[in-house]
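Undergrad: Below are the sequence and a predicted model for it; my questions follow.
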Amino acid sequence: MAKAFSTRAVASGKSYSSLMTYSPPVLSAGLVQHALLSGSTQMTILRIVDETGSASLGDIADGLSDHPDAAGAVLVMVDLGILVIDYVNLIDEHALVRRAPSNFDPTFSGSEVGVGCIGNGINQRVSSVPASLEKLLLPSGVDRLTPSPFAPAVHVAAPEARRSLGKIAALQRPGIYALIAERQVYVGASASAGTRVAGGQQPIADIKSIVIITDANGSMSDVDVLAAERLFFSRVQATRAYPIMNDLPVGAGIDAQRYSEINAFLGQACLMLRHSEVLFTENTARAVLAGPRNEAGRVGPLRPFNDIPNGERLELCFDDGLVALAARQHDNRWILLQGSDVRIETAASANSSTRFQRSAWLHSGLLELSADGRSFVTTRDLIFRSGSGVAQFCVGSKGRTRDSWQPIDPDGGLDLNTAALIAA
């Protein structure tokens, strides 16, 4: 359906404004088919851009002095993915226009926002008006929020097609993968997922299916994919359908927003796998989309408000008044008690696992901001494997060890207020 919108030329002296019909542009035989773009207009715009590699929108408007809406003509070419426009907050005469990268495909009407294939190899494309054009069309006071940068592309392959995965250009980018055998699964990640899987170095035999998940937008970094690997590992583990033969990945230090974006990306990918009966078929669609709230074995059982966990009770004091409480049940099991303080900021020395876990628990509500805003506080008992690990998590940096924890009752006598302190 055609849309009506108002356009305004941006070159000096161009006060032209009209209400006109916007029809989705089409590229045919190398020429844009649209009311704002004749063949000569298209060639003039490209010539101006190619003279120096880029041109301001104002310069292009000056070069099209007789055109009723030069800005509109440029944005039609942006819509088709022929040009890219760079601007800050608002498109004006200083917005910079350049040729789109060579991997853009202008033969489709609209920009690709997601490409995925499941088993049958059919690409699914969703067309939309690009953000640069949409912002220009929106009335004053209306803004479109920025979407997640990630769009899942899921490839499923038979084991005999494994070597060919290294030849698919779309898979030569950061991604995660699962090698599924009859009774177990191997989960991994790589900066070039297709090449890694095709290399066949993973210690798993009798593979019956291969899954590779990448970002169709190409926005996922090597750091992002390490976080995605740990998240995907936890999702597969939570199904209990297959034992995972490798250990829990370390993850990566990402903030809470990035964690949520990657988790949502994986939710879509896992839902695609469920619908195609490849993985996650034992769970409800809702559970697959949301994913597990926490990793297995990391949250302690609910306890009565005034109950004290078993084990040696210890405290960690830091940052002039922040306190964390723990129960050491044995050397490999430390429980960080509900209500403990956790420093908001993390130092550069904090390891990847510590930073990843903070974002994970903020995402799930196991950490929340304290009433005074000075710290995060734990909303449940959380389980760690070592005293140094829980200390680094609370303080947000290295340098704290098991010896940083001090017994609450060092003289062997239990203070009358200890139970209430721990329960709080």
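TA: Everything's here; your move.

Undergrad: which residues in the stretch 1-150 of the chain form strands?
TA: 3-8, 17-22, 26-28, 31-33, 54-56, 83-86, 96-99 (DSSP state E, counting those that start in this stretch).

Undergrad: tell me which residues in stretch 176-194 are buried?
TA: For stretch 176-194, a neighbour-count test (16 or more other Cβ atoms under 10 Å) marks 176-181, 185-190, 192-194 as buried. (Each C-beta comes from the backbone N, C-alpha and C, glycine too.)

Undergrad: With stretch 145-163 instead?
TA: Buried, per 16+ other Cβ under 10 Å, within stretch 145-163: 150, 151, 152, 153, 154, 155, 156, 157, 162.

Undergrad: Quick one: neighbours of residue 302, just the number.
TA: Neighbour count of residue 302, defined by other Cβ atoms under 10 Å: 9.

Undergrad: quick one on the thing from earlier: format the buried residues of stretch 145-163 as TSV; extra columns: distance to residue 395 and pLDDT.
TA: Below are the buried residues of stretch 145-163 laid out as TSV (distance: Cβ to Cβ, whole Å; pLDDT from 0 to 100):
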residue	distance to residue 395	pLDDT
150	32	93
151	37	93
152	36	95
153	40	95
154	39	96
155	42	97
156	44	96
157	45	96
162	45	95
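
Undergrad: how deep is residue 165 tucked in, by neighbour count?
TA: 21.

Undergrad: Wait, residue 231 touches residue 262, no?
TA: Yes: at 6.2 Å, residue 231 and residue 262 qualify as touching, with contact defined as Cβ atoms under 8 Å.

Undergrad: Could you single out the nearest of the buried residues of stretch 145-163 to residue 275?
TA: residue 154 (10.4 Å; Cβ to Cβ).

Undergrad: picking that back up, looking at the buried residues of stretch 176-194, which two lie furthest apart in space?
TA: Greatest spatial distance among those (Cβ to Cβ): 181 and 192, at 23.1 Å.

Undergrad: And the helices in the chain?
TA: 39-52, 57-63, 70-79, 131-137, 193-199, 222-239, 256-275, 285-290, 352-364, 387-395, 418-423 (DSSP state H).

Undergrad: what are the bridge partners for residue 211, then?
TA: residue 156, residue 178 (DSSP bridges).

Undergrad: Show the pLDDT at the residue nearest to residue 94 when sequence neighbours are not counted.
TA: Closest residue in space to residue 94, ignoring its immediate chain neighbours: residue 56 at 5.6 Å, by Cβ to Cβ, 6 or more residues apart in numbering. Residue 56 is assigned 90 on the pLDDT scale.

Undergrad: Roughly how far does residue 56 sit from residue 49?
TA: Residue 56 sits 10 Å away from residue 49, going by Cβ to Cβ, to the nearest Å.

Undergrad: shared neighbours, those two?
TA: residue 97 (Cβ atoms under 8 Å, 6 or more residues apart in numbering).

Undergrad: For those two, indicate the residue with more neighbours.
TA: residue 49 (22 against 16).

Undergrad: Could you pull out the strands in the stretch 301-424 of the chain for me?
TA: Under DSSP E, counting those that start in this stretch, the stretch 301-424 of the chain gives strands at 312-318, 322-330, 333-336, 341-342, 367-369, 376-378, 382-384, 406-407.

Undergrad: who touches the last one?
TA: Contacting residues not belonging to strand 406-407 are listed as 312, 313, 314, 315, 316, 317 [Cβ under 8 Å, 6+ apart].

Undergrad: Now do the same contact list for the fifth one.
TA: What it means is residue 316. Applying Cβ under 8 Å, 6+ apart, the residues near residue 316 are 323, 324, 325, 326, 391, 394, 395, 400, 404, 405, 406.

Undergrad: Narrow those to just the buried residues.
TA: Judged by 16+ other Cβ under 10 Å, buried ones among the contacts of residue 316: 324, 325, 326, 391, 394, 395, 400, 404, 405.

Undergrad: Identify the residue nearest the geometric centre of the protein.
TA: For the chain, the residue nearest the mean C-alpha position is residue 262 (2.8 Å; Cα atoms, centre = their mean).

Undergrad: surely that one meets residue 230?
TA: No: counting by Cβ under 8 Å, residue 262 sits too far from residue 230 to count as a contact (9.7 Å).

Undergrad: for residue 229, what are its contacts?
TA: 176, 187, 188, 189, 249, 251.

Undergrad: Show me the domain layout of this structure.
TA: 3-111, 152-290, 312-423 (automatic domain parsing).

Undergrad: Kindly reformat those as CSV containing distance to residue 304.
TA: Below are these laid out as CSV (distance: least, Cβ to Cβ, whole Å):
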stretch, distance to residue 304
domain 3-111, 54
domain 152-290, 28
domain 312-423, 8
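
Undergrad: Low-confidence stretches in this protein?
TA: Residue ranges of the chain with pLDDT under 70: 1-24, 102-137, 409-424.

Undergrad: Roughly how far does residue 360 sit from residue 329?
TA: In terms of Cβ to Cβ, residue 360 sits 23 Å off from residue 329.

Undergrad: Among the two, which residue is more densely surrounded?
TA: residue 360 (24 against 14).

Undergrad: Can you get me a residue count around the residue found closest to the more buried one once you drop the neighbours it is linked to in the chain?
TA: Closest residue in space to residue 360, ignoring its immediate chain neighbours: residue 259 at 6.3 Å, by Cβ to Cβ, 6+ apart. Here the number of neighbours of residue 259 (other Cβ under 10 Å) works out to 25.

Undergrad: Distance-wise, check residue 259 relative to residue 80.
TA: 35 Å.

Undergrad: go on, residue 209?
TA: 38 Å.

Undergrad: who has more neighbours, the two?
TA: residue 80 (25 against 16).

Undergrad: Grab the nearest non-local neighbour of residue 207.
TA: In space, residue 207 is closest to residue 159, 4.5 Å off (Cβ to Cβ, 6+ apart).

Undergrad: Which residues are in contact with the one you found?
TA: 207, 208, 209, 210.

Undergrad: how about a cut-off of 10 Å?
TA: 179, 180, 181, 200, 206, 207, 208, 209, 210 (Cβ atoms under 10 Å, 6 or more residues apart in numbering).

Undergrad: quick one: which of those residues sit in strands?
TA: 179, 180, 181, 207, 208, 209, 210 (DSSP state E).

Undergrad: My read is that residue 299 contacts residue 367, right?
TA: No: counting by Cβ atoms under 10 Å, residue 299 stays clear of residue 367, with 11.8 Å between them.
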